[in-house]
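Asker: pasting the sequence and the predicted model now:
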2 protein chains.
Amino acid sequence: MSDVGARRRTGRSKGDEREALILDAVRALLAEKTMAAVTIDDITQAAGISRTSFYFYFPSKHAVLARLMEELGDSFAQTHDWLGTDGQSRDSLREQLVGAESIWRDNRPIMACSLQGYGETYEPLVEFVDRIQQRFITGLAAKIERDRAAGLAPAGIDATTLAGLVEAVREARLAQLAEMPEAEVADGLDELAEAILRLIYGRF
Amino acid sequence: MSDVGARRRTGRSKGDEREALILDAVRALLAEKTMAAVTIDDITQAAGISRTSFYFYFPSKHAVLARLMEELGDSFAQTHDWLGTDGQSRDSLREQLVGAESIWRDNRPIMACSLQGYGETYEPLVEFVDRIQQRFITGLAAKIERDRAAGLAPAGIDATTLAGLVEAVREARLAQLAEMPEAEVADGLDELAEAILRLIYGRF
DNA sequence: ACAAAAATCGACAGTGTGTCGATTAACGCC
DNA sequence: GGCGTTAATCGACACACTGTCGATTTTTGT
């Protein structure tokens, strides 16, 4: 269940348990406050450990957030199947959006941190978020070029740029939807799908 | 040249001058550091005043930023003429974007603060940014509905929602463009205009 | 059982914020 | 041109949060 870092040589338990405790504490705190407002003392108090113990496990608050996000990065990677399709594939797109929205909804506070620009000071975090976005953007750019070559999509905007624009609406809207009552989500996703298709395939 | 707040009864000069000094200092500092990294001591030092003097003029760093932004709010309001047109009016849209981009470029650090989500803790600032966005969104929503009634634009997405999506791409892209060399801007704005038109008028 | 490494602790030093009471400078008026 | 009132400035303080140290206690492998 361990064998994670090179820090502990054998499969210890006490430490990993504490680590999980900290992660949980932060998750819980994030439900009430914004990350910037959460203090180390809040965390240690919630986790029932002492200040110094925290620093034994993580070098800073940012590092905790990074860990929290890493777990999510994998989830998102699994919702990219639409990128593999050809043409509009509206249903596949919708499915992809449904998946992404539910990740957003389930991890609202954590996701919010990234676009609140928290951790602008902490390079690793910025890079990490960037990498996830880039993965989506390059994937989408490839799909767009494929579709254009097949005559399914109009030219007119550089494929990578366009993919970036799509990513921007997608993210902005998912963030909003995750804040809204679940009943309105279905419509919201339909609209978002329509918007994305217009961006890529729209003519006028 | 004064008569601003109710704080000073007569048209003093020393105070206003100092206030301007602080504003300038922050503007200058913002060119190097991010707002979160700028400290009050940085400001007072750059402005050549003492810590307490700063607090005489502004209650906090946020307040300075708010002031800086207010000045910009007016500028933006003047670039909304496209919203009054009917139909695509690509040229007018482009013009509007050119104007907005140049404001962005000239005030990059300040604008960046708002979308870095700095001041998430400071309600007035959040509200202010919101209000500016809302002005654009409601204006655009009205235009969209007008165009739809005239049969110039397809239905399918709630007008206000769509306006919000447009605002999202617009802002995201303007932010990026302001970071790029000026030579690439022209193309970038063409692409952005195309994307916006696709969102509003696109069919497929 | 016993050394080595993991984990915990209390106390400290640094940095940044915002506030207080007191002091100095500027104006308005007679 | 002095004199009260208000603007402006100052140094020092109290507070909150971060991150680090050296010392101490647990845990664990053999």
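Answerer: Structure's in. What do you need? Note that the structure is a prediction, hence the values are computed from the model and not measured.

Asker: gap between stretch A:185-195 and the chain center?
Answerer: 19 Å (C-alpha atoms, centre = their mean, to the nearest Å).

Asker: so it, near chain B or not?
Answerer: Yes. Using C-beta under 8 Å from any C-beta of the partner chain, we find that stretch A:185-195 touches chain B at A:188, A:191-192, A:194-195. For every residue, glycine as well, the C-beta is placed using N, CA and C.

Asker: list just the nearest of these to A:Q96.
Answerer: Using C-beta to C-beta, A:L192 is the member of the residues of stretch A:185-195 next to chain B that sits closest to A:Q96, with 10.6 Å.

Asker: how about a markdown table for the residues of stretch A:185-195 next to chain B, with pLDDT, secondary structure and neighbour count added?
Answerer: Output for those, formatted as a markdown table (pLDDT from 0 to 100; DSSP: H, G, I helix; E, B strand; the rest coil; neighbours: other C-beta atoms under 10 Å in any protein chain shown):
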| residue | pLDDT | secondary structure | neighbour count |
| --- | --- | --- | --- |
| A:G188 | 96 | helix | 19 |
| A:E191 | 97 | helix | 18 |
| A:L192 | 98 | helix | 26 |
| A:E194 | 98 | helix | 22 |
| A:A195 | 98 | helix | 27 |
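
Asker: out of those, which one sits closest to A:S75?
Answerer: A:L192 (18.9 Å).

Asker: for the nearest residue to the closest one once chain neighbours are set aside, which residues are in contact?
Answerer: Leaving aside its sequence neighbours, A:L192 sits nearest to A:R173 (C-beta to C-beta, 6 or more residues apart in numbering or on different chains; 4.9 Å). For A:R173, the contact set (C-beta atoms under 8 Å, 6 or more residues apart in numbering or on different chains) comprises A:188, A:192, A:195, B:164-165, B:168.

Asker: helix or strand: which one has A:G151?
Answerer: For A:G151, there is no helix or strand it lies in under DSSP states H and E.

Asker: longest helix in chain A, by number of residues?
Answerer: helix A:123-149 (DSSP state H).

Asker: how many residues are close by the residue in chain A positioned nearest to DNA strand D?
Answerer: Nearest to DNA strand D, among the residues of chain A, is A:I40, at 3.4 Å (C-beta to the nearest atom of the strand). For A:I40, the neighbour count with other C-beta atoms under 10 Å in any protein chain shown is 14.

Asker: residue contacts, it?
Answerer: A:I40 sits next to A:51, A:54, A:61 when contact means C-beta under 8 Å, 6+ apart.

Asker: got the contact list for whatever residue of chain A ends up closest to chain B?
Answerer: Residue of chain A nearest chain B, by C-beta to the nearest C-beta: A:G202 (2.3 Å). By C-beta under 8 Å, 6+ apart, A:G202 lies in contact with A:154, B:198-199, B:201-204.

Asker: hang on, the earlier thing: mind putting the contacts of A:R173 in a markdown table, distance to DNA strand C included?
Answerer: A markdown table is the format used below for those (distance: C-beta to the nearest atom of the strand, whole Å):
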| residue | distance to DNA strand C |
| --- | --- |
| A:G188 | 37 |
| A:L192 | 38 |
| A:A195 | 40 |
| B:G164 | 32 |
| B:L165 | 35 |
| B:A168 | 31 |
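
Asker: circling back: max pairwise distance over the contacts of A:G202: which two?
Answerer: Across the contacts of A:G202, no pair lies farther apart than A:P154 and B:L199, at 14.0 Å, counting by C-beta to C-beta.

Asker: neighbour-wise, which of those two wins?
Answerer: Neighbours per residue (other C-beta under 10 Å) separate A:P154 from B:L199, with B:L199 holding more: 25 against 17.

Asker: can you verify that one is assigned to a helix?
Answerer: Yes. The assignment for B:L199 is a helix, going by DSSP: H, G, I helix; E, B strand; the rest coil.

Asker: flag every buried residue along stretch A:103-112.
Answerer: Within stretch A:103-112, the residues scored as buried using 16 or more other C-beta atoms under 10 Å in any protein chain shown are A:103-105, A:107, A:109-112.

Asker: show me the shaky parts of chain A.
Answerer: Scanning chain A for pLDDT under 70 picks out A:1-15, A:80, A:119.

Asker: and it, split by domain according to the record?
Answerer: A:14-58, A:65-201 (automatic domain parsing).

Asker: now do the helices in chain A.
Answerer: Secondary structure of chain A by DSSP H: the helices cover A:14-29, A:40-47, A:51-57, A:61-77, A:90-106, A:108-115, A:123-149, A:159-179, A:185-201.

Asker: how far does the fifth one sit from its chain's centre?
Answerer: Same thing as helix A:90-106. Distance of helix A:90-106 from its chain centroid, counting by C-alpha atoms, centre = their mean, is 12 Å.

Asker: and chain A, which residues reach chain B?
Answerer: Residues of chain A found near chain B (C-beta under 8 Å from any C-beta) are A:34, A:36-37, A:88, A:115-118, A:120-121, A:156-158, A:161-162, A:164-165, A:168-169, A:172-173, A:176, A:188, A:191-192, A:194-195, A:197-199, A:201-204.

Asker: for PyMOL, what selects the buried ones among those residues?
Answerer: Selection of buried members from these for PyMOL, criterion 16+ other C-beta under 10 Å:
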select buried, chain A and resi 34+36+88+116+117+118+120+157+161+162+164+165+168+169+172+173+176+188+191+192+194+195+197+198+199+201+202+204
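
Asker: chain center to the longest helix of chain A: distance?
Answerer: Taking C-alpha atoms, centre = their mean, the mean C-alpha location of helix A:123-149 is offset from the chain mean by 13 Å.
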